[in-house]
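Colleague: I need the structure of the sequence given here:
(chains A, B and C)
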Amino acid sequence: MTRSRFCVAATATLLFLGIPGCGEDKKSQPAPKTGPAAQTLSVTIGVVAPLTGPQSHIGKDLENAVRLAAEDANAAKISIGGSPVKFQVMAEDDQADPKMAPVVAQKLADAKVNAVVGHFNSGTTIPASKIYSDAGIPQISPSATNPKYTEQGFKTAFRVVANDNQQGKVVGEYIARNLKSKALAIIDDRTAYGQGVADVVEKSATAAGTKVVAREYTTDKSTDFKAILTKIKGRKPDAIFFGGIDTQAGPMLKQMKGLGIAAQYVGADGIQSTELFKLGGDAVEGTLASFPGLPLDRMPQGKGFGERYRTKWNQEVVLYAPQGYDAFNVFVEAMKKAGSTEPAKFLPELARIDYSGITGPIRFDEKGDIKDGPITMFRAAAGKWVAVATIGGPGPAAEKK
Amino acid sequence: MRFVARHATAEGGAGWRIWAGVTLVSLALAALPFALAAAFGQTWVRVVNLALLYVMLALGLNIVVGFAGLLDLGYIAFYAVGAYLYALLASPQFGVHLPFWITLPLGFLVAACFGALLGAPTLKLRGDYLAIVTLGFGEIIRIFLNNLNAPVNITNGPQGINLVDPLSIGGFSFNTRETLLGVDFTGPQKYYYALLALTLGIIVLNIRLKDSRIGRAWEAIREDEIAARAMGINTRNVKLLAFAMGASFGGLAGGLFASIQGFISPESFSLLESITVLSMVVLGGMGNIAGVILGAVLLTGLPEVIRFTVVPAQQAVFGKVIVDPEAIRMLLFGLALILVMLLRPAGLWPATLRKREFAR
Amino acid sequence: MDILLQQLVNGVTLGSIYALVALGYTMVYGIVGLINFAHGELVMAGALTALSVIQALMASGLGLPPVVIMMAGLLVAMPVCMLLAYAMERIAYRPLRGAPRLAPLITAIGVSIVLQNVAMLFWGRSYFSFPGVVKVTTYSFGGAAVTDQQIVIVLLAAALMAGLLLIVHRTRLGLAMRATAENSAVAGLMGVDANRVIVAAFLMGAVLAAVAGLMVSAYYGIAHYYMGFMLGLKAFTAAVLGGIGNLGGAMLGGLLLGVIESLGAGYIGDLTGDVLGSNYQDVFAFFVLILVLTVRPSGLLGERVSERA
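Modeller: Numbering: from 1, shown residues only, chains lettered A, B, ... in the order given. Down below sits the predicted model:
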């Protein structure tokens, strides 16, 4: 009697003090699972993305996905180390502003969250990663593609998205080999993401024998692309690659059509969204876009995701929701494996996770980058993305090519 | 803390009162990071550090806008120049790792040169024409930083520069946690003292400048440029000096920003930042050093305070979160700008000169 | 050659939109000496309101002709923008007349932030695609593709500007506006109600902003709550380039800026042997601006005012 009361009190105190501290003490204390009706563990997962400003629609999408994942996990009545777990989400806005990123990261560290999904942009993910590393909080970015993020040597930094080098290489080679492009025009939006992926595409396409006839630039706030498109038209390319996101690609496609440019339009995951069809109308038809991961309909759990997201939030998946959802579940999986919600305990499990998510199988290399992530090329056909080829990736996915 | 002192003497207070005041303020400033960390967590130490950076920036801009009356909408360019100079000379980008006592002063000087560079073609321009040219200048600097990765890679373009060295003296680094003299210092707390020392230095410099020959020349130009010239002030040189001095503080703050952040990229130096700093100067009280400091601290702190209170407040009143906290944060920020200006058009803590103007 | 022609067509269309927005800045500036930083948000409000109406009408299945749908969108957007302009003038700017010069600038920034966030709450964060109400036809002139949309935009902008010039130079209201701009105290003594004149300037600017909002969102096929900021900035630059406070200057500045941007994006690369590219488009535009202002400190058509008369 006294023993179990002590146990409850101890767990309650530990809960009050915050989860990360609690595991350490558990060794000396009677394990909670021996107590009657084991205490519910509260696990808080942070999610950070720009929730205000021009990128807020993509940021909110990510938050929505993580909230959905938490809801699903709670509905599944998961127990970790014998205790039932209640997942909570703490969403923070970093305004896509690198200077706010450490402040927000510190807020999550102060709140002793168990793990963080985020940040959204490379520019915020990198400065924030130092703080998570110092606090020992594992971090999975669903969307930061700057290779530098995982090159810093932080044990806590992971990502579930192919970095610019991985994806750009595949796309560049696809343009050269499969599309047999002879004259390629490249446009990027001068953001870390767009420029990064475009540079790699340029390099790998050139290496595979394609000539780059024009390299043009826009910004992530532009709506007028007629000037650069007109210039590109004069160089007569047979393919155009755009490193950037759907909000630029949509109007750009419309304007291309208006100018009578018929070159094959290719993009990366930034444009592989349902939003693009809304923004570009029928001009989107035939566009090619890569996506790191398997097509949704080839994943056993993937099919329902889009629908459940729609039912829950009354909107379509915008962009990185599947990666956000996966990032959350990778944490849950690692916690289950380790039997602990304490970051120090499940971090080693995270590093050697082998999880089958909705974007594809997720394993990390020694840096924390996703290993052998398959990359799928999609073609826009009648308002839908249809998978045309899956490149790389382990197991049966590669054979289906 | 001259304004404190002046106040006390005006009341005819004894010397010890001044010293008591100074001691109290010093103690409060010294204890602040620990009090904050204990009460609200390390986040607030970071917010205070950010506020100190903005105090430096606002004081620099105040020289241009407040003292000399030249509207500058591209001030953040100097911050960027300082930050990039520090980052390029103390990061793996070029493999150069110069110590901060070279990079920070260099940033100070180079930013001053850029200030003069901006000043030169704009000497003839007035008011709003000047505003748009400075705005353009700020954008030009940002665009160059964002694009100088080709044909020769200098700034690494949009990818930014990572692994910038923190401030360090010998083996003592400012960004690590360690125990000194039995007290546990976190990285942000150590930075706080470095920033505080430099900010106090800049404040003293500003106070000395304001009352100096140059300071009075700036004021004269602000009030009436033609009259100032008639009094024998070399308006060209004095204006250029205002741009250069203001820019130099921006450059210093930039270098510090790069060292704290460890990573910089061009997106940190957008036009919106220039506007934010200008808002701090105007909201606090143009030309008044204490007011400008107040403005900078308020505008950095306010959005964060709102961030921490909106959700609990909504839950307390309605029982659930009705409006997104993020949307409310910016909304309240905008409303605050409007309200403060409507109620106190000369700023929260206006310069004494303006007060006299109105009293007459 | 056909490329140059195409770039000019692109530039003139973009420039006409800039000019319409720049007129709003310049009118307010000319009369009250205030940079209405929130003017760009009026364009945004106009675009989103018109878009909502058009979407609703298209979904209603009434089968209205496209022109009627567009007009309906515009007719709703105009009063909304006018109301917003009136409100911002009354609440945020009028109490600050005679206050230190920078105070209204800060309230303007505040108004801009508030409007953006209200719009975000109201319309959400998504980008809206402009529905294809009117089928766009493309004509070819000497190798350059010109759409009927572009022709309508340029003609409509020209008509509006002509109308504005008529109002300012041929009506009693215009006379009052010019008098107030010249010297509001003396105009007041002559029986001009400065407040009414200022409100009129704001309202006229709002009407132009609503039209520009519809144009820009239809032309580029996209609208969202953040669109006003950059557009406003560009238009403000255009107004300064032409000489702020001068109506002809705003039009000229707008057109020039549009053409400069187009040609800049198209030809910087060729001019510099591909060392600099279209990424320096804005640098080029600002460089031209700085060059113009060093030679003519009050803009192209601005009056030469001695430093302090």
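Colleague: interface residues of the stretch 151-300 of chain C facing chain A?
Modeller: Contact residues (Cβ under 8 Å from any Cβ of the partner chain) of the stretch 151-300 of chain C with chain A: C:216, C:220-222, C:224, C:226-227, C:230, C:261-267, C:269, C:274, C:277-279, C:281. (C-beta placed from N, C-alpha, C; glycine too.)
Colleague: Can you flag the buried ones in those residues?
Modeller: Buried subset of these (neighbour count, 16 or more other Cβ atoms under 10 Å in any protein chain shown): C:216, C:220-222, C:224, C:226-227, C:230, C:261-267, C:269, C:277-279, C:281.
Colleague: show me where pLDDT drops low in the chain?
Modeller: You didn't say which chain, so I picked chain A. In the predicted model of chain A, residues A:1-38, A:296-303, A:393-401 satisfy pLDDT under 70.
Colleague: To clarify, I was referring to chain B.
Modeller: B:1-14, B:311-312, B:315, B:318-326, B:353-360.
Colleague: coming back round to it: sitting in helices, which of the residues of the stretch 151-300 of chain C next to chain A do you find?
Modeller: C:216, C:220, C:227, C:230, C:261-267, C:269, C:281 (DSSP state H).
Colleague: Now render these as JSON lines, adding pLDDT.
Modeller: Output for those, formatted as JSON lines (pLDDT from 0 to 100):
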{"residue": "C:Val216", "pLDDT": "92"}
{"residue": "C:Tyr220", "pLDDT": "88"}
{"residue": "C:Met227", "pLDDT": "90"}
{"residue": "C:Met230", "pLDDT": "86"}
{"residue": "C:Glu261", "pLDDT": "91"}
{"residue": "C:Ser262", "pLDDT": "91"}
{"residue": "C:Leu263", "pLDDT": "91"}
{"residue": "C:Gly264", "pLDDT": "88"}
{"residue": "C:Ala265", "pLDDT": "87"}
{"residue": "C:Gly266", "pLDDT": "85"}
{"residue": "C:Tyr267", "pLDDT": "87"}
{"residue": "C:Gly269", "pLDDT": "80"}
{"residue": "C:Gln281", "pLDDT": "85"}
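Colleague: In a helix, A:Val85, correct?
Modeller: No: counting by DSSP: H, G, I helix; E, B strand; the rest coil, A:Val85 is not part of a helix but strand.
Colleague: Roughly how far does it sit from C:Val28?
Modeller: A:Val85 is 59 Å from C:Val28, where distance means Cβ to Cβ, to the nearest Å.
Colleague: all helices of the chain, in order?
Modeller: By default, I'm working from chain A. In chain A, the helices defined using DSSP H lie at A:2-17, A:19-26, A:56-75, A:100-110, A:122-135, A:164-173, A:192-207, A:226-235, A:246-259, A:275-280, A:302-313, A:321-338, A:343-351, A:396-399.
Colleague: other chain: chain C
Modeller: Counting by DSSP H, the segments of chain C that form helices are C:2-32, C:39-60, C:66-88, C:103-123, C:148-170, C:172-182, C:184-189, C:194-220, C:227-242, C:247-271, C:281-295.
Colleague: Out of those, which one sits most buried?
Modeller: Mean neighbour count, computed with mean count of other Cβ atoms under 10 Å in any protein chain shown, is highest for helix C:227-242 among these, reaching a mean of 27.
Colleague: before we move on, the earlier item: Throw the helices of chain C into CSV and include distance to A:Asp199, thanks.
Modeller: CSV is the format used below for the helices of chain C (distance: least, Cβ to Cβ, whole Å):
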stretch, distance to A:Asp199
helix C:2-32, 26
helix C:39-60, 33
helix C:66-88, 42
helix C:103-123, 33
helix C:148-170, 34
helix C:172-182, 52
helix C:184-189, 56
helix C:194-220, 27
helix C:227-242, 25
helix C:247-271, 17
helix C:281-295, 19
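Colleague: quick one: contacts for A:Ala380?
Modeller: Going by Cβ atoms under 8 Å, 6 or more residues apart in numbering or on different chains, A:Ala380 touches A:Leu276, A:Phe277, A:Val284, A:Glu285, A:Gly286, A:Thr287, A:Leu288, A:Ala289, A:Val386.
Colleague: Which among these count as buried?
Modeller: Burial by neighbour count, 16+ other Cβ under 10 Å: within the contacts of A:Ala380 this picks out A:Leu276, A:Phe277, A:Val284, A:Glu285, A:Thr287, A:Leu288, A:Ala289.
Colleague: how close does A:Ile58 sit to chain B?
Modeller: 14 Å (Cβ to the nearest Cβ, to the nearest Å).
Colleague: Just give the number of residues close to the closest residue to that residue other than its chain neighbours.
Modeller: Leaving aside its sequence neighbours, A:Ile58 sits nearest to A:Leu319 (Cβ to Cβ, 6 or more residues apart in numbering or on different chains; 5.1 Å). By other Cβ atoms under 10 Å in any protein chain shown, 27 other residues sit near A:Leu319.
Colleague: I'd say A:Leu319 and A:Lys60 touch.
Modeller: No: counting by Cβ atoms under 8 Å, A:Leu319 stays clear of A:Lys60, with 10.7 Å between them.
Colleague: I figured A:Val212 hits A:Lys182, correct?
Modeller: No: with contacts counted by Cβ under 8 Å, A:Val212 stays clear of A:Lys182, the gap being 10.7 Å.
Colleague: which residue does the stretch 151-300 of chain B bring closest to chain C?
Modeller: Of all residues in the stretch 151-300 of chain B, B:Val282 sits closest to chain C, at 4.8 Å by Cβ to the nearest Cβ.
Colleague: Contacts only, for that residue.
Modeller: Residues in contact with B:Val282 (Cβ under 8 Å, 6+ apart) are B:Val65, B:Gly295, B:Met341, B:Gly347, C:Leu102, C:Ala103, C:Leu105, C:Ile106.
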